[in-house]
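In: Structure for this input, please:
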Amino acid sequence: MEAIIGILTYLGLTPDKVLPLCLTAGVALWIGYKFIAPIKKSVARITHACIEIQTIFGSHGISLQHHLIEAPGSPLQPTALGEKLIKDSGLEKILDDQNSFLKTELLKRVSEKYTEYDVQEKARSFLLELKDTEMMNPVKKYAYDNGLDVDVILKAGGLWLRDDFLGKQRAVKKDEKE
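Out: So this is what the prediction gives:
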């Protein structure tokens, strides 16, 4: 303990300066948090707007290269945001609870000599086919409540259905910084 006090004193942080320094740091953190909260909300809105723009262009055959929900690469994987949407929407629970049914139906949709790519694309289109079923109501409610396009969530979830079908662990593309 004396060593720490010695180091702080050497740095000019005497006991009479520590309390004001701590109070100043606390106030700065509090003010910083108050400014960051609205920025986080704005970033979330911008993210949702980008997703919507990608979906609109994608439905017209134009693929944008800025991936928010799915990470590029091979194989495609949901991003951390994609994983959050899959989980928060209830789609993960549907994939778990209906696993046998979904894999059986997907098997009917792929050719006899399917490739992993075939499974990926059929899984994504199959979940989109199920959009109007009662099974997907929780996902649609989540999309509605959060101003999202349900197709985006279902397509990302199709990547996990692909993994389930192929007997692979569900993957998520982690941020490069992690």
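In: Not counting residues beside it along the chain, what's closest to Leu21?
Out: In space, Leu21 comes closest to Leu13 once its chain neighbours are excluded; the distance is 7.0 Å by CB to CB, 6 or more residues apart in numbering. For the C-beta atoms, the positions are set from N, CA and C on the backbone; glycine is no exception.
In: Tell me the pLDDT of the one you found.
Out: At Leu13, the predicted lDDT confidence score is 77.
In: which SS state does it fall under?
Out: Under DSSP: H, G, I helix; E, B strand; the rest coil, the three-state class of Leu13 is coil.
In: Give me the distance between it and Met1.
Out: In this structure, Leu13 and Met1 are 15 Å apart, going by CB to CB, to the nearest Å.
In: And the two? Which one has more around it.
Out: Leu13 (13 against 5; other CB atoms under 10 Å).
In: Quick check: phi and psi on the more buried one?
Out: Main-chain dihedrals, Leu13, degrees, to the nearest 10: phi -100, psi 80.
In: let's have the chain start at 110 instead
Out: Sure, I'll start numbering at 110, so the last one becomes Leu122.
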